[in-house]
Each structure stands twice: as structure tokens, then as C-alpha cells.
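>>> Fold the stuff below for me.
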Amino acid sequence: MISGRVCPFLLPIFIRRISYRGYHRHSPSRCVSLSDKQLLFVRHWALHSNLGSNCSHKGGGLRNIMAGKSSEAPKHSNRLALERSPYLLQHANNPVQWFPWGDEAIELARKEGKLIFLSVGYSTCHWCHVMERESFENESIAKVMNEHYINIKVDREERPDIDKVYMAFVQASCGGGGWPMSVFLTPDLTPVLGGTYYPPEDMHGRPGFKSVLLSVAKSWKDNRQKCNQTGNKIMEILRQTTVLEVPIAAQFINGAPALDECAPQCYEKLVQIFEPRFGGFGHAPKFPQPSIFTFLFYFYARDPSSVKGKKALDMCLYSLRMMARGGIHDHIGQGFARYSTDVKWHVPHFEKMLYDQGQLAVAYCDAYLATKNEFYANVVRDILKYVERDLSDESGGFYSAEDADSLPSQTSTEKKEGAFYVWTYDEVHEILNKPIENCPAGTDGKEITNGDIFCFHYNIKPGGNVNPSSDPHGELVNQNVLIVLGSEDATSKHFLLPKETIQEILQEAREKIFEARDLRPRPHLDDKMLTSWNALMISGFCKAAQALDDTRYAERAVKAARFVKKHLYDAVSCRLLRSCYRDAGAPGGVGQTSTPIPGFLDDYAFLVQALLDLYEATFDANWLEWAVQLQETQDELFWDEGSAAYYTSPNTDQTVILRMKEDQDGAEPSGNTVSTWNLLRLSVLLEQPALRERAERLLGIFTSRLTNLPHALPGLAAALMLFHDSHTQVFVTGRASDPDTGALVATARRRLLPGRVLALADGNLESVLYRKSEVFRRLKPQGGRAAAYVCRNHVCSLPVTSPEDLEKLLELPRRG
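Purely as a prediction, here's the structure:
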């Protein structure tokens with residue numbers, strides 16, 4: 001990652017990058033692509049900016065040890081001690097006089113005429129921990145910060161609006177970005193210098209954090225007017241290049257882009273960057289990128305017998321299979337880590353994020369629906385087991401993340417990345433020492449144990465299995481990250497035992513290892529509960545309930561939705577809140593900040609999507625009713641009628657200097673992408689053409705990006721396919737409790753039909769469907785029996801009453 005002012009030597013690399021997915025070991029998973037205007041800005045700033053003398057570089061792949069916290073009473077305390085965010089609370093005892101983002105800090109900066117130092121991160125961020133230990137806990141550096149700056153800490157997960165604005169600046173000025181994000185602001189909140197991680201002292205010809213602090217403070221003191229002018233110019237460029245101010249007339253003329261201008265290009269680019277040996281897309285570090293799977297599964301489903309369709313499916317399945325076998329997948333405690341530091345999916349960055357679990361559950365459900373292979377279904381169950389056990393609050397919500405760092409043992413004082421998850425060869429054999437009776441592979445006189453089988457299957461070596469290139473600082477020497485290089489069949493063949501026996505041995509061994517691991521100090525849990533991430537997880541449970549025909553998952557989704565409605569929604573204003581927090585002293589064990597944070601676009605869009613999914617999983621029309629209300633509120637708060645797209649934040653906080661519009665699909669899909677899907681689904685369910693027109697305008701404003709860089713927004717490219725295709729609408733009439741109704745519904749749910757709309761006409765005339773849809777009011781059972789109608793291209797089939805006949809209707813081509 002790059003810190004400091006723009007580095008001219010980075011420009012060739014920067015210019016040829018199309019989108020940023022993290023090109024260093026601990027780099028960001030989601031960044032915005034930059035326009036030609038921003039590239040010109042980078043060139044200009046690189047040549048003319050005098051703030052800061054050099055760029056400092058944080059080498060990709062560093063694995064520093066995070067210092068453990070003392071149990072003694074804290075020596076220092078600051079205003080963050082009054083906050084709820086786990087990340088802010090981690091910094092509450094720094095000698096730095098931190099402020100939370102708000103009027104108090106900003107007014108103080110203006111009153112004293114000081115620059116603001118803004119530090120943005122999140123509680124499970126490894127390099128945030130490192131910079132805290134090295135700089136923010138350093139008395140000497142803290143003294144400089146307190147003397148020359150008003151210092152503000154922001155949890156990017158609480159305040160994505162602030163993070164997005166200043167991350168756009170850092171990316172434009174440095175050619176990349178990540179967390180911790182470090183930005184110097186004028187008292188008017190205009191950025192003048194930005195970077196990511198800074199080492200504490202000068203090294204290798206690059207300035208350390210202390211030097212940067214002093215240099216910027218001197219520039220501000222000596223030439224304040226120039227700093228302000230530079231900042232104003234920067235903000236004007238960012239304003240022009242990030243808010244998508246497109247004349248409204250042009251949108252009506254052009255409409256949504258043609259499908260053949262986007263989908264084939266997106267497919268070809270994904271084929272080009274597909275990694276054929278290990279799966280996935282791009283180079284190390286490798287992220288799951290679920291939005292790519294969304295596009296490819298849709299591309300396959302449109303034409304499953306074509307060469308390109310089959311290739312799209314193969315890329316999905318191979319990538320998902322290799323991820324599940326890799327070290328990015330926790331074979332002992334389930335769930336997936338955020339990304340792999342190597343191309344093989346072997347050595348992960350060990351933090352686990354809720355948003356990954358929700359989206360990957362959907363991707364593996366799609367893989368199961370496309371293949372009916374239980375391997376993918378079991379991965380879905382694995383993910384949901386982890387979330388239910390480790391990321392679930394008793395009240396129904398889902399926690400945000402688990403950290404990568406933890407203490408190696410109960411007596412350790414320093415945390416290490418991955419310590420909770422890795423094993424030595426001897427540790428495994430101490431736990432797994434049960435002899436396997438009559439094992440044919442032991443005929444040479446050596447007794448075979450369950451540890452031998454476990455180590456063979458998961459590639460556990462006496463000297464460790466981590467390539468030194470993935471461990472430049474030697475923290476994983478002699479350690480093993482579990483990875484399956486073969487298969488259960490290969491393990492069965494090697495030990496001359498039946499596959500069923502191998503499966504039983506491995507299952508018992510995993511349980512033993514889990515019990516031993518459970519005695520280790522756990523990683524930090526970020527127990528913040530975010531509306532958007534809870535919504536993604538609700539969608540994951542809903543998808544699993546339908547694909548795996550398991551009502552338990554639907555029940556868990558309902559519990560989570562009720563939690564969101566109780567703790568993160570104001571029924572009077574119909575508005576969402578961004579976050580809430582585990583608090584044993586609060587009613588229901590859930591608390592809020594003194595000034596609750598209002599919801600952002602992602603919170604509304606993701607929750608509307610989740611509620612549509614929840615309706616299809618339960619046929620409770622109340623969830624659909626709430627989705628309609630939230631969509632109306634979203635339109636009121638975020639829609640820009642002038643240029644036809646959604647802002648990422650509401651216009652309610654005057655301290656946010658720029659409202660942005662986003663289309664990039666990275667670690668999470670963009671709010672505009674998900675909104676497009678929602679509008680198209682709602683337009684069909686409710687027979688409201690105006691919603692489809694709004695989706696068309698949304699697609700239209702992103703025409704340039706969809707045609708030139710579709711692989712940077714694959715979720716939106718998939719929504720474009722849905723716009724041009726005919727929805728597959730399956731309407732079933734009958735009582736939900738009727739077995740015949742259930743059989744028809746199950747038939748529709750068993751198929752991979754991206755964008756499918758499924759609804760139940762149960763005779764509830766008070767539901768939003770009967771009130772809004774003329775088609776729905778005309779649907780009737782046939783001869784007292786449940787019936788299904790399949791509608792495409794504004795035409796509905798004759799009703800069918802048998803699952804076999806419905807299956808035939810669903811097999812018909814869906815394009816048109």
C-alpha cells in the first residue's frame with residue numbers, strides 16, 4: 001500500500017489498472033475505478049504537490065505481531081471511551097486525544113485553526129492494530145498529534161459515507177487505498193494529503209509517521225492559503241468525477257445499454273482473468289468476489305447448452321470447489337476467511353466477515369441448484385453452522401466479524417495473525433493418536449492413527465506447509481494451514497480403506513481438533529450489528545431454505561428480520577438505522593449510540609432484497625409489504641432525480657462534504673446494483689411499470705462503465721441481463737399448508753433460475769400483492785387443487801397442477 005503524496009513511479013501501474021481488488025497482501029477488497037479525469041488529476045498532483053516529501057510504502061505481505069493488551073488500569077483515556085463501536089473502543093486508551101466524528105471535533109479544529117488528522121479503520125483490521133501499536137500507543141508520536149492536530153477516529157463500518165469520500169481521495173492521489181486510512185483535512189474537512197499505513201519512523205528513504213506529521217504541520221503553518229487552495233481544487237475534481245452528473249435528457253435518449261454491448265464483454269474479460277489452475281479471478285491476493293458468481297451463474301442459465309454457458313458454469317464450480325478445499329475455508333470451525341494471500345487459496349488473511357458468509361452461502365446454493373451435487377450443499381450448511389454458532393446474537397441479529405489476530409496460548413502476551421487457526425504436526429498427533437484397527441496401509445509394521453489420516457488428507461507436514469513467500473516474517477514457521485489437495489477418494493485409496501470409513505474418521509478427527517481449538521484464546525469478536533450485513537445474511541439463509549428445502553433456515557431468517565425491525569427501524573418515520581450493539585445492560589441486550597446513525601443506501605437496498613427473498617422463502621406477505629415501504633423511503637432519501645441514480649448517503653449530515661454515487665461491485669455489491677435488481681423484481685410482483693423505468697434509468701447512467709468495464713460491476717451487468725430478458729414468474733395458487741401447493745413450490749425452488757419471481761396466491765385479499773396486482777387477483781386454484789402459472793414476455797401459461805408439468809414449463813427458453 002502507498003502512503004504519502006502521489007508516487008510518480010506508480011503511474012504506469014496505476015493507469016493500466018481497471019479496478020482495484022487488492023494487489024498487496026493486506027490491501028483493500030473494494031475500491032472504486034477511476035476515470036480519465038481522475039488520472040489527469042493524479043499526474044498533476046504528482047508533479048506539483050509539495051505536501052510531504054516522499055511516499056512511504058507498506059510492503060505487501062508483512063505479518064507483524066500485534067502487541068497484547070495489559071490487564072492493568074489504563075494510563076490514558078479519551079472521548080472514544082463513550083462510544084459503542086468496538087473499533088473506537090480499541091483506541092479509547094491511546095495517549096492520542098481521539099475524538100469521534102462529529103461537531104465537537106470539527107468546531108474545535110476551526111476554533112484553533114488546526115488540521116484534522118482522520119484515521120479510518122475497523123476492529124478486525126490487522127494493519128490497523130499494527131499502526132495503533134507502533135504509533136498511536138507511542139507517547140512521543142501521540143504528543144506531536146495532540147499538539148498539532150485535532151485527531152478523529154472513524155469506524156468505516158459505522159460510517160461508510162465518510163470512508164467512501166476520503167477513500168476516493170486516497171485512491172486518486174496514491175494509486176491505491178486500504179485500511180487504516182490516514183487523511184489530513186483542513187478545518188473545512190477538505191483533504192490535502194492521504195495515505196494508508198505509515199511506519200512510525202523513517203526507513204529505507206521513506207518518511208515515517210512522525211516525520212509526516214511534522215512536515216504537514218509545517219506546511220499548514222507556513223502556507224495555509226496554498227493548502228486550502230489545493231484542497232478545494234482536489235474536492236472539485238472529486239465532485240466532478242464521483243457523483244455522475246449526467247444530463248437527464250441523455251438518459252431518456254439512450255436508455256439502458258444494449259445487452260450485446262455488455263454481457264459478452266464481461267464474460268470474455270472474466271475468462272481472460274480466470275485462474276485455471278486454482279480457480280478464482282486475478283492474482284494474489286485472491287478474494288471470493290461473489291458478484292462475479294452472480295453474473296456467471298446468470299450467464300450460464302440464459303443458455304446452458306452453449307459452449308460459453310458451460311464455460312461460465314465451469315469457472316464458477318471450479319472456483320467454488322477450490323475455495324472450499326483451500327485454507328481460506330475453515331475446515332475445523334466452518335465459514336470462510338476474507339481472502340487468500342496466495343494464488344492457491346491456501347494461506348488466508350484469517351479475519352472472517354459476515355458479508356462474505358451471506359454472499360457465499362448464496363453462491364454455493366446456486367452451485368448446488370445447477371448441479372445437485374451435495375458437495376456444494378454441504379458447504380452451504382457449513383457456512384450457516386458457523387454463523388449460527390459464532391456470529392449470532394441471542395436476540396436474533398448477526399455480529400460483524402471475527403479478527404485475524406489472537407493470542408497463541410493462554411500464557412501469551414502478544415497476538416499473532418492466524419494463531420487460532422494453525423497447527424503443528426506434533427500438536428495434531430498429540431490430539432489424534434487413536435490407532436486404526438486392521439488398516440491395510442499399516443502392513444509395514446507402522447501403526448496407522450487417525451492423526452496420520454487427518455494429516456495426509458489436510459496436507460499437514462512435520463515442518464509446516466506454509467510457503468515462505470506467504471510468511472516473509474516467519475510467523476508461520478512449522479505451522480500448518482489445513483488444505484485439501486486430494487480428495488476423500490484419494491485418501492481412501494492411499495490408506496486402502498472404504499471411503500465411508502475415511503469420512504467417519506475425518507469427521508471424528510475434525511470434532512476432536514475443534515474441541516482442542518476451542519480451548520485456545522479466541523480472536524476478537526466485532527459484535528456490532530449492521531443493517532446491510534444482517535440483510536446479506538438473511539438472504540443467505542433464505543436462499544438455503546429454498547435450495548436445500550430446509551425450513552429451519554427460513555425460521556432463522558425470520559428471527560433476524562424481526563431483530564432488524566425491532567432494533568434498527570423506526571416505524572413512525574419508516575427509516576432505518578445503520579447499526580446497533582450488544583449491550584447486556586440495555587433492554588433486550590441491544591443498545592444504541594447516544595446519537596443513532598441513520599441508514600445508508602446499502603442498508604435499504606440490501607434489506608429490501610432480503611425481504612423479497614424472505615417473502616419467497618415464507619410467503620408471509622408482511623415482509624413484502626415492508627419491502628415496498630422501505631423502497632419508497634429509499635427513493636425519498638437517496639434518489640437523485642436530476643441524474644437518475646442513488647446517492648450512497650442521505651442528505652442529513654452536513655459534515656459529509658460529498659454525496660457519492662457508486663457502481664463498483666467488490667467485496668459487497670454496490671447499493672445501485674442491488675437496487676436495480678430490487679426495482680425489477682418489484683415491478684413484476686406489483687405490476688408497476690414505473691419501477692422498471694427507474695431501473696432503466698439507473699442502468700442508463702452507468703452505460704459507459706457497463707460497456708467499457710463491465711467486469712468491474714458484474715452484479716450490475718447481471719441486472720442488465722435481467723432487464724433485457726423476460727422474468728420467469730411462477731405464481732402458485734392454493735393454501736401454503738396444502739401438500740400439493742408445497743410440491744409445486746418445491747419444483748420452482750429446485751431450479752437455477754436467476755431473477756425468478758415466485759409468489760403464492762393464497763386468497764389473502766389484504767396483502768400487498770392482491771391490492772397492487774391485477775394479474776394476481778385473477779389467479780385461481782383449478783378444481784379445488786393447487787395450480788401453478790408460469791409467466792414470461794407478458795404472457796402466462798395455462799395452469800398446471802402437477803410438478804412434472806411445471807418442470808416442463810420451466811425448461812422452456814427464458815430469454816426474450
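
>>> make it CA atoms for all contacts and neighbour counts henceforth
Noted.

>>> In the chain, where is pLDDT below threshold?
Residue ranges of the chain with pLDDT under 70: 1-72, 241-254, 442-445, 813-816.

>>> per the record, what domains does it have?
As given by automatic domain parsing, the domain ranges for the chain are 2-242, 421-517, 729-810.

>>> residue boundaries of the strands in the stretch 451-600 of the chain?
Shown for the stretch 451-600 of the chain, the strands assigned by DSSP state E, counting those that start in this stretch span residues 525-526, 528-530, 569-570, 575-576, 579-582, 590-591.

>>> possible to save these as CSV with distance to Tyr770 and mean neighbour count?
What follows is the strands of the stretch 451-600 of the chain, written out as CSV (distance: least, C-alpha to C-alpha, whole Å; neighbours: other C-alpha atoms under 10 Å):
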stretch, distance to Tyr770, mean neighbour count
strand 525-526, 42, 20
strand 528-530, 33, 26
strand 569-570, 26, 15
strand 575-576, 25, 21
strand 579-582, 34, 24
strand 590-591, 37, 20
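
>>> Dump these to a markdown table, plus distance to Thr801.
Converted to a markdown table, these look like this (distance: least, C-alpha to C-alpha, whole Å):
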| stretch | distance to Thr801 |
| --- | --- |
| strand 525-526 | 49 |
| strand 528-530 | 43 |
| strand 569-570 | 41 |
| strand 575-576 | 41 |
| strand 579-582 | 46 |
| strand 590-591 | 47 |
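
>>> right, so of those strands, which gets closest to Phe293?
Set against Phe293 and scored by C-alpha to C-alpha, these come closest in strand 528-530, at 24.0 Å.

>>> and His126, how many neighbours does it have?
A count of neighbours around His126, defined by other C-alpha atoms under 10 Å, yields 25.

>>> Sorry, wrong one. I was asking about Ala571.
Residues contacting Ala571 under the criterion other C-alpha under 10 Å number 10.

>>> swap in Arg556?
As a measure of burial, Arg556 has 19 neighbours, counting by other C-alpha under 10 Å.

>>> out of the domains of the chain, which comes closest to Tyr364?
Closest among the domains of the chain, once you apply C-alpha to C-alpha, is domain 729-810, at 11.6 Å.

>>> Need the distance between the two termini of the closest one.
10 Å (C-alpha to C-alpha, to the nearest Å).

>>> which one of the strands of the stretch 451-600 of the chain lies closest to Phe723?
Of all the strands of the stretch 451-600 of the chain, the one in closest proximity to Phe723, counting by C-alpha to C-alpha, is strand 575-576 (28.1 Å).

>>> So which of the domains of the chain is the most surrounded?
Burial of the domains of the chain is given as mean neighbour count (mean count of other C-alpha atoms under 10 Å); domain 2-242 ranks first at a mean of 19.

>>> Next, work out how far apart Pro304 and Ala377 are.
Separation of Pro304 from Ala377 (C-alpha to C-alpha): 21 Å.

>>> Can you tell me what sits against the strand or helix carrying Ile106?
With secondary structure defined by DSSP states H and E, Ile106 is part of helix 103-112. If you take C-alpha atoms under 8 Å, 6 or more residues apart in numbering as the criterion, helix 103-112 is touched by Phe99, Leu115, Ile116, Tyr149, Ile150, Asn151, Ile152, Pro187, Asp188, Thr655.

>>> For Phe702, which non-adjacent residue is spatially closest?
Excluding the flanking residues, the one nearest Phe702 by C-alpha to C-alpha, 6 or more residues apart in numbering is Asp663, at 7.7 Å.

>>> what number of residues lie near the one you found?
The burial metric for Asp663, expressed as a neighbour count using other C-alpha under 10 Å, is 24.

>>> Next up, the contacts around it.
Contacts here follow C-alpha under 8 Å, 6+ apart; on that basis Asp663 touches Ser670, Gly671, Asn672, Thr673, Phe702, Leu713, Leu716.

>>> 7 Å instead, please
Contacts were defined as C-alpha atoms under 7 Å, 6 or more residues apart in numbering; by that measure Asp663 touches Ser670, Asn672, Thr673, Leu713.

>>> of all these, which two lie farthest apart?
Comparing every pair within those by C-alpha to C-alpha identifies Asn672 and Leu713 as the most remote, at 10.3 Å.

>>> between these two, who's got more neighbours?
Higher neighbour count among Asn672 and Leu713: Asn672, with 27 against 24, using other C-alpha under 10 Å.

>>> Let me have the domains of the chain in CSV, extended by distance to Ala645.
Converted to CSV, the domains of the chain look like this (distance: least, C-alpha to C-alpha, whole Å):
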stretch, distance to Ala645
domain 2-242, 12
domain 421-517, 42
domain 729-810, 21
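
>>> wait, which of these is closest to Ala312?
Between Ala312 and those, the shortest gap by C-alpha to C-alpha is with domain 729-810, which sits at 13.9 Å.

>>> In a helix, Leu369, correct?
Yes. According to DSSP: H, G, I helix; E, B strand; the rest coil, the state of Leu369 is that of a helix.

>>> Can you tell me, leaving aside adjacent residues, what's nearest to it?
Nearest residue to Leu369, sequence neighbours excluded (C-alpha to C-alpha, 6+ apart): Leu752, at 5.3 Å.

>>> Surely Val628 is within a strand?
No. Residue state for Val628 (three-state DSSP) corresponds to helix; a strand is not indicated.

>>> what's around it, how many residues?
Val628 has 20 nearby residues by other C-alpha under 10 Å.

>>> With the one 4 residues further on instead?
Around Glu632 sit 13 other residues, with neighbours defined as other C-alpha under 10 Å.

>>> hang on, Asp342 packs against Ala284?
Yes. Taking C-alpha atoms under 7 Å as the definition, Asp342 is a contact partner of Ala284 at 4.9 Å.

>>> How far off centre is the helix holding Ile106?
34 Å (C-alpha atoms, centre = their mean, to the nearest Å).

>>> try stretch 573-587
21 Å.

>>> again, but for stretch 388-408
Averaging C-alpha positions (C-alpha atoms, centre = their mean) puts stretch 388-408 15 Å from its chain's average.

>>> which stretch among the domains of the chain comes nearest Tyr647?
The closest approach between Tyr647 and any of these, judged by C-alpha to C-alpha, belongs to domain 2-242 at 9.9 Å.

>>> And the contacts of the host helix or strand of Asn678?
In the assignment (DSSP H and E), Asn678 maps to helix 671-686. Helix 671-686 is contacted from outside by 601-602, 605-606, 608-609, 646, 662-663, 689, 691-692, 695, 698, 715-716, 719, 757, 769, 772-773, using C-alpha under 7 Å, 6+ apart.

>>> thinking again about what came up before, inside strands: which ones of the contacts of helix 103-112?
Residues of these located in strands (DSSP state E): Phe99, Leu115, Ile116, Tyr149, Ile150, Asn151, Ile152.
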